[in-house]
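> coordinates for the following, if possible.
(4 chains)
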Number of protein chains: 2
Amino acid sequence: MIRPQLRPVVIEQALAAMPCTTCGARVHSACGAIDDHDLHRLASMAHIVEAPAGRVFVREGDPADSFFNISSGTARLFKELPDGRRQIVGFVGTGHFLGLAVSDTYAFTAEAIEPVRYCRFPRAKLKDLMVDFPAMEKRLLSVAANELVAAQEQMLLLGRKTSIERVASFLLAQSVLGVPCGQPRNQLSLKMGRGDIADYLGMRIETVSRAFGRLRAEKLIELLTNTDVMILDRAALEALASDGSLAARRPSAP
Amino acid sequence: MIRPQLRPVVIEQALAAMPCTTCGARVHSACGAIDDHDLHRLASMAHIVEAPAGRVFVREGDPADSFFNISSGTARLFKELPDGRRQIVGFVGTGHFLGLAVSDTYAFTAEAIEPVRYCRFPRAKLKDLMVDFPAMEKRLLSVAANELVAAQEQMLLLGRKTSIERVASFLLAQSVLGVPCGQPRNQLSLKMGRGDIADYLGMRIETVSRAFGRLRAEKLIELLTNTDVMILDRAALEALASDGSLAARRPSAP
DNA sequence: CGGTCACTTGATCGTCTTCAATACCAGTGG
DNA sequence: CCACTGGTATTGAAGACGATCAAGTGACCG
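Numbers count the residues shown, from 1 in each chain, chains lettered A, B, ... in the order given. As a prediction, the model looks like this:
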C-alpha cells in the first residue's frame, strides 16, 4: 500500500476529466464544479492511493466511512450471492465518483481491473464541506441522478433483453464512454475481459463469446484482438440493442 | 382530469410519511427535512393532482419539466422496448419522490396502479428553492443514493437470481415497505397484479404464478387471496432470497 | 518448447418461455 | 338464483434460449 499523500495532483486530474461544461451528458465528476479555494480545502483532506490490478479497495458490507474519486484506471463494482454468483453493477474510470451509499455500509465491492489511482475522502469531513459549499452537493446530486438513470437502463437490459441485444447494447454504451459531447468512437478498447462482461450483462462467459461471434458473423463488428473491437455497422447495432430486429431473422437473412 | 389546486395539504401528507427521523432505512420523502417556512413556499408552487388507476402521468421521453411527490396511492415506473417488452424499474407509494432525471427528458413512464394523488412542482422553481434551502438538496441526495442502492440490488436479482429466488426476494422486500424501523409484516397486501410482478422481476406471468405455487407447496407462504400473502417461514424465505439453498433440494425436501 | 491463461467452439441439458386450456372471481342482467 | 361475461390467475405440454460440461485453439511467457 502506497503511503497516502496530501497533494492537489488529484484536483488537476478531476478537472481534466471534465470536458465541455455545457454538455448535459458529460461525465459528472464529483469535484468538477468546485472553485479553486474549495478545491484546495478538498485536496487537504484527500488521500491519494494506488491500487494494483486485482486489488479490492471497497468491500460490500464494510463500514462506509469514505468517498472515492477515481483519478486514473478502471475498476469493477459488483455484488455477490453467498454461493459465489456475481453481478457487476458498473465499471468506473477516470473522474468517476464512488461511495454515495447513504446507509452505513458499502453496497458493493470495488476491485481494480487495471491499476487504479484514486482519492479517498473521509465521509465526515466531506459532509462539513458540503454544508459550506452547496455546489459540491449539487454536483453529487447530479452524479447520483445520472447513475440512477443508467441503473434503470441496465434493469431493462437484464430483465428483458436477449443475450445478443445485451452485448450490442454494451458495445454501444462503451463506444460513448469519455466522448460525452462529440461523435461516438467506432473503435474501442475494452478494459475488461469476457468474464467481467458476462457478469455485467447477466450472462455466462460462453454466451458472451457466442454473441461476439454472431455479431462478427453478421458483419456488425470486427474483433481486432480480444479486447479491441471495431464497430462496422452502428445503425444495425443500435437497432439490435433496442429491439429484436436482428433476432427475428436469426437463422438466415432473406 | 382534476383541476390543479394550490393547497398545503400535500405538506401534511409528506410529513406524515416520515416516521422516526433517526432511522437510516426510512423512506426518504422529498420534503421531509424542510422547516415550516420553506414548506409553505413549497406548497405555494405545488399543484395537487389526482390520477385514476391506469392513468399515465409521466411518459418516458417527454420533457422533464416537473418533479413529483406521491401523496397517496401506488404507481408503477417502467421502461419499454419498441416491440412492447416492458421492464418495471420500481413501484412508488405514499411519500415517494419522482423525477430526479438530470437529463431533459424522463427516463421512465409512470402509471397509476391504484388511484394516485400527487404534488407536481415545476423543475425550475424547485431549483431556486434548493439554492435557498440546502436541506432540500441534501434530502434529494439521500433519496437518490437510496434508490441507487435499491437499483443495484435489483440488478443482482435480475442478472443472477433464479425465478423462485426473485419471487422470494420480492415478497421479503414488500414485507418491509412502510415499516422502516420496526418488525417486518408477515401479512402483506400486494398493490400490483401478477403481470406487474412479472415485469418487475424480469419473468413471465406464468413463471411468477408457478413460483408462488412452489412457495406455497413448500409451506413458506400462504395465499389468502390473489393479492394477500402470508409469510409462514420468513427464515426459509430469506435463505432462498439470497442464495439457492432451497433450490438445491428441489424435487422433495428431506 | 511446455506451461498457463483467456477465449472459442461443440454437444447436451435444464430452466424459463410460449402456447393453450382451464379455473377462479366479481359484476351484471336474465 | 344462476347463467353469462371479462379480467386475472393457475396449470399443462412443447419448445427455445442460454447454461453447463467438455474439448480445442491461440497468445503470451518463462
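> which bits of chain A sit near DNA strand C?
A:193-195, A:205-206, A:208-210, A:212-213, A:223, A:226-227 (CB under 7 Å from any atom of the strand). Heads up, the C-betas are built off the backbone N, CA and C, glycines and all.
> buried ones among the residues you listed?
A:194, A:208, A:212 (16 or more other CB atoms under 10 Å in any protein chain shown).
> mind checking the SS state of the nearest residue to A:Met230 once chain neighbours are set aside?
Distance criterion CB to CB, 6 or more residues apart in numbering or on different chains; nearest residue to A:Met230, sequence neighbours excluded, is A:Glu222 at 4.2 Å. Here A:Glu222 is strand, with the state taken from DSSP: H, G, I helix; E, B strand; the rest coil.
> OK, contacts around A:Glu222?
A:216, A:229-230, A:232 (CB atoms under 8 Å, 6 or more residues apart in numbering or on different chains).
> out of those, who's nearest A:Arg123?
Of all these, A:Val229 has the smallest distance to A:Arg123: 38.3 Å, by CB to CB.
> what's the first helix or strand after the one helix or strand the closest one maps to?
In this structure, A:Val229 sits in strand A:228-231 according to DSSP states H and E. Once the chain leaves strand A:228-231, the next helix or strand it forms, by DSSP H and E, is helix A:234-242.
> buried set for that next one?
A:236-237, A:239-242.
> can you give me the strands in the stretch 1-150 of chain A?
A:47-51, A:56-58, A:66-72, A:75-80, A:86-92, A:97-98, A:109-112, A:116-122 (DSSP state E, counting those that start in this stretch).
> the ones you listed: which one's closest to A:Leu171?
That would be strand A:86-92 among the strands of the stretch 1-150 of chain A, by CB to CB, at 13.5 Å.
> what residue, apart from its backbone neighbours, is nearest A:Val149 spatially?
B:Ala107 (4.6 Å).
> quick one, phi psi at the one you found?
Per-residue torsions, B:Ala107: phi -90, psi -10 (degrees, to the nearest 10).
> contact partners for it?
A:149, A:152-153, B:60, B:79, B:101.
> one step back: give me the pLDDT for the residue nearest to A:Met230.
Note for A:Glu222: predicted pLDDT of 97.
> distance of it from chain B?
27 Å (CB to the nearest CB, to the nearest Å).
> and A:Lys79, by the same measure?
For A:Lys79, the distance to chain B - CB to the nearest CB - is 5 Å.
> now that residue, nearest residue through space, not along the chain?
In space, A:Lys79 is closest to B:Leu156, 4.6 Å off (CB to CB, 6+ apart).
> quick check: angle from the one helix or strand the one you found maps to to strand A:86-92?
Per DSSP H and E, B:Leu156 falls inside helix B:134-160. Using axes from the mean of the first three to the mean of the last three CA atoms, to 10 degrees, one finds that helix B:134-160 and strand A:86-92 are set 130 degrees apart in direction.
> in the stretch 101-250 of chain A, where is pLDDT below threshold?
A:243-250 (pLDDT under 70).
> can you name the residues of it that neighbour chain B?
A:101-104, A:107-108, A:130-131, A:134, A:137-138, A:140-142, A:144-149, A:151-156, A:158-161, A:199, A:201-202, A:242-244 (CB under 8 Å from any CB of the partner chain).
> what do you get if the cut-off is 7 Å, keeping everything else the same?
Applying CB under 7 Å from any CB of the partner chain, one finds that the stretch 101-250 of chain A approaches chain B through A:101-104, A:107-108, A:134, A:137-138, A:140-142, A:144-149, A:151-152, A:154-156, A:158-160, A:202, A:242-244.
> how far away is the residue in the stretch 51-200 of chain A that chain B sits nearest to from B:Ala101?
Nearest to chain B, among the residues of the stretch 51-200 of chain A, is A:Gly159, at 3.1 Å (CB to the nearest CB). Going from A:Gly159 to B:Ala101 by CB to CB, to the nearest Å gives 20 Å.
> show me which of the two is the more surrounded one.
A:Gly159 (26 against 20; other CB atoms under 10 Å in any protein chain shown).
> chain neighbours aside, what residue packs nearest to A:Val131?
Closest to A:Val131 by CB to CB, 6+ apart is B:Pro134, at 7.3 Å.
> about what we covered before: with neighbour count and distance to A:Ile113 as extra columns, can I get the contacts of A:Glu222 in TSV?
As requested, these are exported to TSV (neighbours: other CB atoms under 10 Å in any protein chain shown; distance: CB to CB, whole Å):
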residue	neighbour count	distance to A:Ile113
A:Arg216	14	24
A:Val229	22	17
A:Met230	12	22
A:Leu232	15	26
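> just these now: which is nearest A:Ile88?
The nearest one, if we look at those relative to A:Ile88 and count by CB to CB, is A:Val229, at 18.4 Å.
> show me what contacts that closest one?
A:171, A:188, A:190, A:221, A:223 (CB atoms under 7 Å, 6 or more residues apart in numbering or on different chains).
> separation between it and A:Glu165?
17 Å.
> could you do A:Leu190 as well?
18 Å.
> can you list the domains in chain A?
A:9-152, A:161-248 (automatic domain parsing).
> nearest to B:Gly73 among those would be which one?
Nearest of these (CB to CB): domain A:9-152, 21.3 Å.
> wait, isn't the residue nearest to A:Lys79 in contact with A:Leu77?
No: look at B:Leu156 against A:Leu77 with CB atoms under 7 Å: they stay out of range, at 11.5 Å.
> and A:Leu188, its phi and psi?
Per degrees, to the nearest 10, the backbone of A:Leu188 is at phi -130, psi 150.
> what's the burial count for it?
A:Leu188: 21 neighbours (other CB under 10 Å).
> surely it touches A:Gln174?
Yes: contact between A:Leu188 and A:Gln174 holds when scored by CB under 7 Å: they sit 5.3 Å apart.
> so A:Ile164 lies in a helix, does it not?
Yes: A:Ile164 forms part of a helix when assessed by three-state DSSP.
> can you pull the contacts of A:Ala53?
A:112-115.
> would you mark the buried spots in stretch A:135-147?
So for stretch A:135-147, counting by 16+ other CB under 10 Å, buried means A:136-147.
> if you could redo that for stretch A:76-88, that was the one I meant.
So for stretch A:76-88, counting by 16+ other CB under 10 Å, buried means A:76-79, A:81, A:85-88.
> check those against B:Cys181 and report the nearest one.
The closest of these, once distances to B:Cys181 are taken by CB to CB, is A:Lys79, at 24.7 Å.
> report the beta-bridge partners for that closest one.
A:Gln87 (DSSP bridges).
> relative to A:Ala101, how far out is it?
On the measure of CB to CB, A:Lys79 and A:Ala101 end up 12 Å apart.
> can you check A:Arg123 too?
10 Å.
> before we move on, what about A:Arg41?
23 Å.
> need the residues of chain A near DNA strand D, please.
Residues of chain A lying near DNA strand D (CB under 7 Å from any atom of the strand): A:162-164, A:202-204, A:206-207, A:247, A:250.
> of those residues, keep whichever come out buried.
Of the residues of chain A next to DNA strand D, these count as buried by 16+ other CB under 10 Å: A:163-164, A:202-203, A:207.
> of all the residues you listed, which two lie farthest apart?
Counting by CB to CB, the most remote pair of those is A:Ile164 and A:Gly202, 13.3 Å apart.
> list the contacts of A:Asp65.
A:122-123.
> try it again at 6 Å.
A:Arg123 (CB atoms under 6 Å, 6 or more residues apart in numbering or on different chains).
> same question, A:Leu141
B:140-141.
> distance check, it against B:Ala145.
9 Å.
> A:Gln87 too?
A:Gln87 is 19 Å from B:Ala145, by CB to CB.
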